[in-house]
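Colleague: Can you look at this prediction? I've put the sequence above it.
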Amino acid sequence: MTTYYILQNYWWLIMSVLGAVLVFMLFVQGGQSMLLQSGDEKQRAMMVRSLGRKWELTFTTLVTFGGAFFASFPRFYSTSFGGAYWLWMAILFSFVIQAISYEYRAKAGNVYGRRFYDTLLLVNGVAGPLLLGVAVAGMFFGAEFTVTKARILDVQAATISQWGPLHGLEAIACWKNLLFGLMVFFLARTLASLYFINNIDDDALRARQRQLLKVNGAIFVVLFLATAAVILTSGGVAVDDDGNARWVDYRYLTNYLTMWWALIFLLLGVVLVLWGVGKTLADIAFNKGIWATGAGTVLVVMSLFWVLGYNGTAYYPSLLDVQSSLTLRNSSSSEFTLTVMSVVSVLVPFVIAYIAYCWRAMDHDKITTEEV
Amino acid sequence: MEQLTTVVDWSRAQFALTAIYHRLFVPLTLGLGLIIAIMETIYYRTRSEKWLATTKFWMTIFGVNFAIGVATGIILEFEFGTNWSNYSWFVGDIFGAPLAIEGILAFFMESTFIAVMFFGWKKVSPRFHLVSTWLTAIGAGLSALWILVANAWMQYPAGCEFNPSTMRNEMTSFWQVALSPMAVSKVLHTVTSCWALGGAFVVGVCGWMLLRKRNIGHCQRSLKVGAWVGMVGIILTSITGDTSAVTVARYQPMKLAAMEGLYDGSSEQSIVAMGIMRPGKQPADGQDPFVFDVSIPYGLSLLATHDPHGYVPGINDILAGRLNGPDDSTSLSVAQRMERGKNVKTLIADYHTATRSGNKVAADSLKAAIKDDFSHFGYGYLDTPEEAVPNVPLTFYTFHVMVTIGGWLVLFFALALLFVYKPAIVERARWRRLWYWLCIITVPLTYLCSACGWVVAEVGRQPWTIQDLMPNKVAISDLTAGYVQTTFWIFAVVFTALLVADVSIICKQIAKKSVCDLDRSEL
């Protein structure tokens, strides 16, 4: 096993951590999707105050996820973003309108009125998780692209990554991708309810969120089981040591069975997710479900990334030309760059530490109606 | 080819649009972040309620501006992938690293501590709050540092090598990328200019409040910090501007020539202080480039080489290969570089043929030949030598507007500081309203100055996405012009709507708070 090989795997591990944390942090979007459902202005104000302290972290995680993908696997960045143009543009627009809404919604002179900004938050709350789910699902189920590096020498048609004419619209229309996206959306809403219950000290709001948790949690479990069934019965692209790719049945199931540790992460994650939701619903005094379900979410998403990219599997299969499929080996940065980036990644624990410290300092006293 | 040009143009237009909007807000974030941190430090040391009120006043403005800066920033990062996918592959190995470091080191710092800064007054200790405010400002500065390093690398691609096997450039030295002369001068020049803009903004808002005789004490406190930050900022901007000129002269002589509208260079080259360029002027057409101009003898030689007798090549000289003097026989003309560039492309194709057939000796020999001539690679895509010339009038005028406003800012901050410490001068003067109006007018002028600086930097390096290596037309994604046109107009509408809201909120906040007692604050 060469250093380069280890670095490529290490950076896929980092991407899996960032992706998992991003999915967890989508509770912000899940919470936004509930804002207009809340008829009580006070409750809405508390929810906004609570989310307003966290949205930047979700946003930053998304930006860092993108930046890290660019640095470590530039061919994915080049192929997916330039190819699935409409999908990524829709995701970006939804985050652009989120970024200003928290700050502007209650400010005098905001031109368009509070409800307009709350609607923008709703749009991001629904479109963000749904479309990010669709984008990630494309990594399991494939996308319509080809990659021909030699094209860069041809000035008339120099783009190395070519995509189908719909440029991402077909990904949104694919039922498998949509199923995945809906699963992520309802996970975000489930996490949001757990977060509100933990972060806001208000009996009426907590009771309301428990009701929503029951519904969203149940829908999420059904969608998760359906998505898991589709993924585990789907084929994937296996790549041999010489870089030759071919479609293989039950690739992701095989990977779980081969990589037992990924399976343990998956099962442990599922148990934690269910325990967090179940305990919160069963015990009215329990408000720490977000941590169990959040940790479970992180474990499940990490394990999904691992079966997606490890064990000689193409993490972005091409539906048009299997040899164009992207793998950790053919899409990564050079060994030198990955080494440099790995040195930088040593700082990640410090970043996590200060985020945890600030989070704790800010959330030590729960949000109340008096505060807002 | 017509279709390709349209896609290239629309992709450029979209990137320019999003970059312009982003750069409207980020300089104020950088400048105001520092100013707020200084103000809160004074509050922390004095525990004066007045300084707390002043800090909070500017913090509100900072928050509104910060949000839209974040909103417009995310598009820019992802646009490298969505609209410039070939670029992302060709240099992602180098360019991606600063972006990722920016995310890990700077964005998380900003996003974590800004929450403490805004919501933590009653939740954390004053010391921790102060540290959070400083870390927010430092985080913003670090963010600027890494994105400017990335931008500088596009202007001067150092620390990398082309790998014909992977068909991309790969990093060979991180420090050459991060500490190249272009990166150092760009970071210092840009960040310090943001301090000047932040200072001008504070002085301008105070000018408006003083015009209405509101919160004079708050204005005096704000002016003290704002004018000093602005003064230090503009002096450092001037000094680093000089360094930038030398760097540009060395690594991007075509840009310098365009900045000065210089077609035929010479030793002891004068600099055009002001002038009107001749419409329709083309390289080597024999016409005087200026209808009217006022020049300073030796000026450009001094600026570009720090030697009044130094040689500065003009556009015609660069096209003809006279980079080091009229008798230069060592430099290549653009036409020759185009030939070399086309040859490199042939060598790369041959390299792949040799590799596929297992001819290692031939492949190694071709690899060495590719390495020798790769600095000309991008020229192989040009159709004519004149394509290597940027938009000269736009570069010339924006450069001169920038310098002129920069000169005014030095005088402006000097006067502002004088009036801060000798307020009686302006308070008793009959022209005090004129001065307050000048303070207000200087705010948009400073924005114009900042925008012109970016136009010089980005238009002046055309047609290159990466200097000498990749022209725009090769860097794009495989999209139709209609797709990019659609997103362009969506961006235009959304960002303009957000700008309207942003300006409206800021004006409203200033107006609303200016009638409150800003000598008092409650935690």
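Modeller: Nice, thanks for sending it over. Residues are numbered from 1 along each chain as shown, chains lettered A, B, ... in the order given.

Colleague: can we go C-alpha only for contacts and neighbour counts from here?
Modeller: Noted.

Colleague: Pretty sure B:A481 sits against B:R12.
Modeller: No - with contacts counted by C-alpha atoms under 8 Å, B:A481 stays clear of B:R12, the gap being 11.3 Å.

Colleague: So what's the predicted local confidence for the residue nearest to A:Y4 when sequence neighbours are not counted?
Modeller: Nearest residue to A:Y4, sequence neighbours excluded (C-alpha to C-alpha, 6 or more residues apart in numbering or on different chains): A:E335, at 5.3 Å. Model confidence at A:E335, given as pLDDT, is 95.

Colleague: quick one: what helix or strand has the residue of the stretch 401-523 of chain B found nearest chain A in it?
Modeller: Across the stretch 401-523 of chain B, the shortest distance to chain A (C-alpha to the nearest C-alpha) belongs to B:I505, at 4.7 Å. Element membership for B:I505, per DSSP states H and E: helix B:481-514.

Colleague: That helix - what's its average pLDDT?
Modeller: Averaging pLDDT along helix B:481-514 yields 93.

Colleague: helices and strands around that helix, which ones?
Modeller: Secondary-structure packing of helix B:481-514 (3 or more C-alpha pairs under 8 Å, 6 or more residues apart in numbering or on different chains; DSSP states H and E): helix B:2-46, helix B:49-82.

Colleague: which one of the ones you listed lies closest to A:T233?
Modeller: Taking C-alpha to C-alpha, helix B:49-82 is the member of the helices and strands packed on helix B:481-514 nearest to A:T233, at 31.7 Å.

Colleague: Could you look up the next helix or strand downstream of the closest one?
Modeller: helix B:85-101.

Colleague: Could you check the angle that following helix makes with helix B:49-82?
Modeller: If you take axes from the mean of the first three to the mean of the last three C-alpha atoms, to 10 degrees, helix B:85-101 sits at 150 degrees to helix B:49-82.

Colleague: Dihedrals phi and psi, B:I405?
Modeller: The phi/psi pair for B:I405 (degrees, to the nearest 10) reads phi -70, psi -40.

Colleague: Name the residues of stretch A:173-190 that are buried.
Modeller: Within stretch A:173-190, the residues scored as buried using 16 or more other C-alpha atoms under 10 Å in any protein chain shown are A:176-190.

Colleague: ok, now stretch B:290-306?
Modeller: Going by neighbour count (16+ other C-alpha under 10 Å), the buried part of stretch B:290-306 is B:F290, B:Y298, B:G299, B:L300, B:S301, B:L302, B:L303, B:A304, B:T305.

Colleague: Inside strands: which ones of the residues you listed?
Modeller: Filtering the buried residues of stretch B:290-306 for membership in strands, criterion DSSP state E, returns B:F290.

Colleague: Helix, strand, or coil at the closest residue to B:Q287 other than its chain neighbours?
Modeller: If the residues on either side of it in the chain are set aside, B:Q287 comes closest to B:K281, at 7.0 Å by C-alpha to C-alpha, 6+ apart. Under DSSP: H, G, I helix; E, B strand; the rest coil, B:K281 falls in the coil class.

Colleague: Near B:K281, how many other residues are there?
Modeller: Other residues near B:K281 number 16, with proximity taken as other C-alpha atoms under 10 Å in any protein chain shown.

Colleague: how near is it to B:L394?
Modeller: 13 Å (C-alpha to C-alpha, to the nearest Å).

Colleague: Is it possible to get the helices and strands packed on helix B:481-514 out as TSV so that each row also shows distance to chain A, mean pLDDT and mean neighbour count?
Modeller: Listed next are the helices and strands packed on helix B:481-514 as TSV, based on distance: least, C-alpha to the nearest C-alpha, whole Å; pLDDT from 0 to 100; neighbours: other C-alpha atoms under 10 Å in any protein chain shown:
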stretch	distance to chain A	mean pLDDT	mean neighbour count
helix B:2-46	8	91	21
helix B:49-82	4	91	22
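
Colleague: Put together CSV for these, with distance to A:L253 on each row.
Modeller: CSV is the format used below for the helices and strands packed on helix B:481-514 (distance: least, C-alpha to C-alpha, whole Å):
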stretch, distance to A:L253
helix B:2-46, 42
helix B:49-82, 32
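
Colleague: Mind checking those for the one nearest to A:G31?
Modeller: helix B:49-82 (19.4 Å).

Colleague: Tell me what angle that closest one forms with helix B:481-514.
Modeller: Using the same axes, to 10 degrees: helix B:49-82 against helix B:481-514 is 180 degrees.

Colleague: Helices of the stretch 51-200 of chain A, start to end?
Modeller: Applying DSSP state H, counting those that start in this stretch to the stretch 51-200 of chain A gives helices spanning A:55-72, A:74-76, A:82-83, A:85-104, A:114-141, A:169-173, A:175-199.

Colleague: How far off centre is the shortest one?
Modeller: Once both centres are worked out by C-alpha atoms, centre = their mean, to the nearest Å, helix A:82-83 turns out to sit 19 Å from its chain's centre.

Colleague: just the last one next, same as before
Modeller: Helix A:175-199 has its average C-alpha position 10 Å from the chain's average C-alpha position, going by C-alpha atoms, centre = their mean.

Colleague: So which other helices or strands are in contact with it?
Modeller: Short answer (3+ C-alpha pairs under 8 Å, 6+ apart): helix A:175-199 packs on helix A:3-25, helix A:27-35, helix A:41-52, helix A:114-141, helix A:203-233, helix A:289-309.

Colleague: Can you tell me which of those helices has the worst average pLDDT?
Modeller: Of all those, mean pLDDT reaches its minimum on helix A:41-52 (a mean of 90).

Colleague: what's near enough to touch the residue of the stretch 401-523 of chain B closest to chain A?
Modeller: Shown in contact with B:I505 (C-alpha atoms under 8 Å, 6 or more residues apart in numbering or on different chains): A:Y104, A:K107, A:A108, A:G109, A:N110, A:V111, B:V64.

Colleague: and which of those is nearest B:L382?
Modeller: Here the nearest of the contacts of B:I505 to B:L382, counting by C-alpha to C-alpha, is B:V64; it sits at 44.5 Å.

Colleague: Excluding chain neighbours, what is closest to the closest one?
Modeller: Counting by C-alpha to C-alpha, 6+ apart, A:E103 is the residue found nearest to B:V64 once chain neighbours are left out, at 6.1 Å.

Colleague: gap between the one you found and A:G52?
Modeller: Distance from A:E103 to A:G52, counting by C-alpha to C-alpha: 8 Å.

Colleague: Likewise for A:G294?
Modeller: 19 Å.

Colleague: Show me which of those two is the more surrounded one.
Modeller: Shown here are A:G294 and A:G52; by other C-alpha under 10 Å, A:G294 has more neighbours (24 against 16).

Colleague: What residues sit buried inside the helix holding B:I505?
Modeller: Using 16+ other C-alpha under 10 Å as the test for burial, helix B:481-514 gives B:481, B:484-485, B:487-488, B:491-492, B:495, B:498-499, B:501-510, B:514.

Colleague: now do stretch A:29-47
Modeller: A:Q29, A:G30, A:G31, A:Q32, A:S33, A:M34, A:L35, A:Q43, A:R44, A:A45, A:M46, A:M47.

Colleague: Thanks a lot, see you next time.
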